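A.B. asks: Build the 3D model from these lines:
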Amino acid sequence: MAFSSVQAPFVNPVVPFSGTIQGGLQDGLQITVNGTALHACGTRFAVNFQTGFSDNDIAFHFNPRFEEGGYVVCNTKQKGRWGPEERKMSMPLQMGIPFEIRFLVQSSGFQVTVNGNFFTNYVHRVPFHRVDNISVNGAVGLTHISFQPPSYWQATAAPITQTVIHTVQSTPGQMFPNPAIPPPAYPSPSYPIPFFTSIPGGLYPSKSITITGIVLPYAQRFHINLRSGNDIAFHLNPRFDENAVVRNTQISNSWGPEERGLNRSMPFARGQGFLVWIMCEGHCLKVSVDGQHLFDYYHRLTNLPAINNLEVGGDVQLTLVQP
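C.D. replies: Prediction:
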């Protein structure tokens with residue numbers, strides 16, 4: 001399969017969940033699962049990479065169990081029969097705390113990273129190209145499942161660097177608006193804030209960008225910028241101090257007219273996760289938040305391939321950036 005575009009994420013899928021992996025598993029494909037293990041629904045959940053919607057053939061069964069101190073079972077099921085279990089006698093997750101699990105498909109096996117830290121390798125027992133479905137069941141709530149194709153890793157193999165270009169500062173000493181909301185559960189060392197990276201090939205019609213993260217509990221503002229040289233072609237700026245989502249373009253250090261209108265209420269919330277999906281079309285950017293269309297932003301800079309850098313800054317913790 002040629003990855004001309006990224007598979008759209010599954011947003012807020014209901015558990016038990018089963019969804020198709022477009023084109024099946026490929027060497028270099030990474031699938032990221034974000035969610036929270038739930039107190040009231042049991043002590044286990046599982047992520048399965050399988051053939052079709054039946055659970056008779058599961059190439060990789062990843063099964064955290066919050067029992068006996070906590071451990072994770074990995075296994076393979078062929079023709080309805082489980083093989084020998086592999087147990088990792090440690091638990092990288094916490095009940096009630098958001099997590100991020102990344103499954104990177106390699107020629108030799110699955111590499112699993114939890115909350116930014118390497119957890120385990122699971123050697124393939126069956127050919128991984130047979131897998132075309134991901135299912136999740138058990139005591140877990142999901143926010144999204146997203147996909148990073150091999151072409152993404154090849155294009156971004158160079159070390160990530162950061163630079164400060166246009167930073168929104170938070171107010172020192174600002175109290176949490178709700179003490180019941182915990183701070184982000186884990187740091188994401190891959191995504192320092194402010195974060196800056198390239199957009200391989202720049203923008204073009206059908207190009208999509210995915211950004212997921214957690215708004216800090218004391219957030220005042222954060223921003224996502226699509227840049228063309230020193231200009232900002234698209235500035236997305238949620239402002240919690242104004243209860244607004246501001247959009248604009250900056251050319252030669254001068255801002256244009258702001259756009260603020262929305263057809264729905266403020267989609268971002270302090271202390272909560274989000275998924276921003278930006279789809280480029282010939283005349284505009286279509287922007288969705290958590291799977292719901294939010295607005296269209298008509299291009300003010302029309303040299304789309306020159307819009308080739310992405311910046312995120314302000315009061316936010318990133319969990320996934322897929323430019």
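A.B. asks: What is the least confident helix or strand in this protein?
C.D. replies: helix 150-155 (a mean of 48; mean pLDDT, DSSP states H and E).
A.B. asks: pLDDT weak spots in this structure?
C.D. replies: For the chain, applying pLDDT under 70 flags the ranges 1-6, 151-190.
A.B. asks: Which parts of it belong to which domain?
C.D. replies: 10-155, 195-322 (automatic domain parsing).
A.B. asks: Can you add mean neighbour count and give the ones you listed back as a markdown table?
C.D. replies: Yep, even glycine has a C-beta here, placed from its N, CA and C like the rest. Listed next are those as a markdown table, based on neighbours: other C-beta atoms under 10 Å:
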| stretch | mean neighbour count |
| --- | --- |
| domain 10-155 | 17 |
| domain 195-322 | 18 |
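A.B. asks: So residue 255 versus residue 207, what's the distance?
C.D. replies: 25 Å (C-beta to C-beta, to the nearest Å).
A.B. asks: For residue 40, which three-state class applies?
C.D. replies: helix (DSSP: H, G, I helix; E, B strand; the rest coil).
A.B. asks: Could you tell me the phi and psi values at the nearest residue to it once chain neighbours are set aside?
C.D. replies: Spatial nearest neighbour of residue 40, excluding adjacent residues (C-beta to C-beta, 6 or more residues apart in numbering): residue 139 at 8.0 Å. Per-residue torsions, residue 139: phi -80, psi 70 (degrees, to the nearest 10).
A.B. asks: which residues does residue 139 contact?
C.D. replies: Residues in contact with residue 139, defined by C-beta atoms under 8 Å, 6 or more residues apart in numbering, are 37-45, 66.
A.B. asks: between those residues, which is nearest residue 7?
C.D. replies: residue 45 (22.6 Å; C-beta to C-beta).
A.B. asks: and that closest one, what does it touch?
C.D. replies: Residue 45 sits next to 15, 37, 63-64, 136-140 when contact means C-beta under 8 Å, 6+ apart.
A.B. asks: element containing it?
C.D. replies: In the assignment (DSSP states H and E), residue 45 maps to strand 45-50.
A.B. asks: for that strand, the distance to its chain's centre please.
C.D. replies: Strand 45-50 sits 18 Å away from the centroid of its parent chain (C-alpha atoms, centre = their mean, to the nearest Å).
A.B. asks: Let's see it as CSV, backbone CA atoms only.
C.D. replies: Provided in CSV are the C-alpha atoms of strand 45-50 (Å, rounded to 0.1, in the frame of the first residue of the first chain):
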residue,chain,number,x,y,z
PHE,A,45,-8.0,-4.7,29.4
ALA,A,46,-6.4,-5.9,26.1
VAL,A,47,-5.2,-4.4,22.8
ASN,A,48,-5.4,-7.1,20.1
PHE,A,49,-3.8,-7.0,16.6
GLN,A,50,-5.8,-9.6,14.7
